[in-house]
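just a sequence and a predicted model for now, questions to come.
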Amino acid sequence: MTYGGNTMMKLERNFYVTDGLTLAKSLLGKVLVRESEEGIASGIIVETEAYIGPEDKAAHTWKNRRTSRTEVIFGEGGYAYIYLVYGMHYCFNVTANIVGKPECVLVRALEPLDGIELMKTRRRTNRVVNLTNGPGKLCCALNITRELYGEDLCGERLYIVEYGRSDFEVEASPRIGIDYAEEYRAKLWRFCIKDSVYVSKKIPPA
């Protein structure tokens, strides 16, 4: 696969078999690609959040909670964990670590790259900056649904490739929407590409 004359190498399994914090930072600048019958849509990952179960009170796998929804997180890194929030928005997560270490990374925002017209149609907006600047928005734009739960990210329908951006600084801040997580609310486990206009929520100045 090439973009702008540059070869984009698909990430291999060993990239994902690491702890969630490391993976959350490593995913920044990589490109998330969704292939479907409608075409290819992709974007540079600009914002992530790490969820480090079972000690993380914000994680779905806190206290090793194992259900039909969280089952994929208990497997090997590099698979899609997708769930519905508020009964209407999908969220896409990348599983991390080894079997039995239930950690994952929420992909919160992308910088649109390929298939922008297709994404505009799916999102019903012409504002490029608003296409993928949130977890629900990017899932809609890339047509990531529950059908892709457990998808192997080393496969052909949904995957992440190496070539994207590398000339950036990383900013860390608390995760969003986890007021219930007590002392884990303040953990600086949200990571963004500094100054990206595509992040879901700006990091306040220090």
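Alright, I've got the coordinates.

distance of F15 from A172?
As defined by C-beta to C-beta, to the nearest Å, F15 lies at a distance of 21 Å from A172. Just so you know, the C-beta spots here come from the backbone N, C-alpha and C atoms, and that holds for glycine as well.

which one's more surrounded, the two?
F15 (19 against 15; other C-beta atoms under 10 Å).

can you give me the strands in this structure?
Counting by DSSP state E, the chain has strands at residues 2-3, 6-7, 31-36, 39-52, 80-85, 89-96, 103-114, 158-161, 170-173, 190-193.

how about low-confidence regions in this structure?
In the prediction, the chain carries residues with pLDDT under 70 at positions 1-7, 164, 204-206.

picking that back up, can you redo the strands of the chain as JSON lines, where the extra columns are distance to L21?
Rendered in JSON lines, the data for the strands of the chain read as follows (distance: least, C-beta to C-beta, whole Å):
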{"stretch": "strand 2-3", "distance to L21": "28"}
{"stretch": "strand 6-7", "distance to L21": "28"}
{"stretch": "strand 31-36", "distance to L21": "19"}
{"stretch": "strand 39-52", "distance to L21": "5"}
{"stretch": "strand 80-85", "distance to L21": "17"}
{"stretch": "strand 89-96", "distance to L21": "9"}
{"stretch": "strand 103-114", "distance to L21": "8"}
{"stretch": "strand 158-161", "distance to L21": "17"}
{"stretch": "strand 170-173", "distance to L21": "10"}
{"stretch": "strand 190-193", "distance to L21": "9"}
